[in-house]
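Trainee: 3D model of this:
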Amino acid sequence: MPQLFTLIGVSLLAVTAGLSFVMQQAVNANLRASLGSAAWAGFVSYLGGTVCMLLLALALRDPAPQADAIARSNWWAWSGGLFGAVYIGISIMLVPRLGTATFVTLLVAGQMLASLVFDHYGLFGVPRHPADLYRLTGAAFLVAGVVLVRL
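Mentor: Have a look, this model is predicted:
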């Protein structure tokens, strides 16, 4: 029974993350319209996220990373902000044009296809999970869902 409650709790957290994701798209697109700049809207988004993560680290009393841990990390491990900025910039420009539902379905389809490749080849330290018929069929259904949402 405790496993069921854990599964429900984790699932609710994932749904909350999804809700937060859609809220981020909507408020960033609105801020872009107000400011007249996707770049400044993205900056404000990242600034808010940076402050939030700093407060979380302080609240959890996480110690600052040690220099040797920083030196041991892969160079590409530090590029997440770059990819996040690409994502934020594109979403700020496309949500007003495509609508939130279409943008999110296209985004999820892109995430699924990239995830299949990352899992299959074990890219960037991700554990390998071969792309079998079930996974490929699920991805195909997801792409079909994109088409249906767009109609």
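
Trainee: show me where the protein has its strands.
Mentor: Counting by DSSP state E, one finds no strands in the chain.

Trainee: where in it is pLDDT low?
Mentor: Residues of the chain meeting the criterion pLDDT under 70: 1.

Trainee: what comes up buried for the helix ranked longest in it?
Mentor: Ordering each helix of the chain by length in residues (DSSP state H) puts helix 2-35 first. For helix 2-35, burial by neighbour count (16 or more other CB atoms under 10 Å) applies to 24, 25, 28, 29, 31, 32. (C-beta placed from N, C-alpha, C; glycine too.)

Trainee: mind picking the two most distant members of the residues you listed?
Mentor: 24 and 32 (12.3 Å; CB to CB).

Trainee: mutual contacts of those two, please.
Mentor: Taking CB atoms under 8 Å, 6 or more residues apart in numbering as the contact rule, residue 24 and residue 32 touch no residue in common.

Trainee: what's near enough to touch residue 83?
Mentor: Contacts of residue 83 (CB under 8 Å, 6+ apart): none.

Trainee: distance of the nearest residue to residue 106 once chain neighbours are set aside from residue 129?
Mentor: Sequence neighbours aside, residue 146 is the residue nearest to residue 106 in space, at 5.8 Å (criterion: CB to CB, 6 or more residues apart in numbering). Per CB to CB, to the nearest Å, residue 146 is found 23 Å from residue 129.
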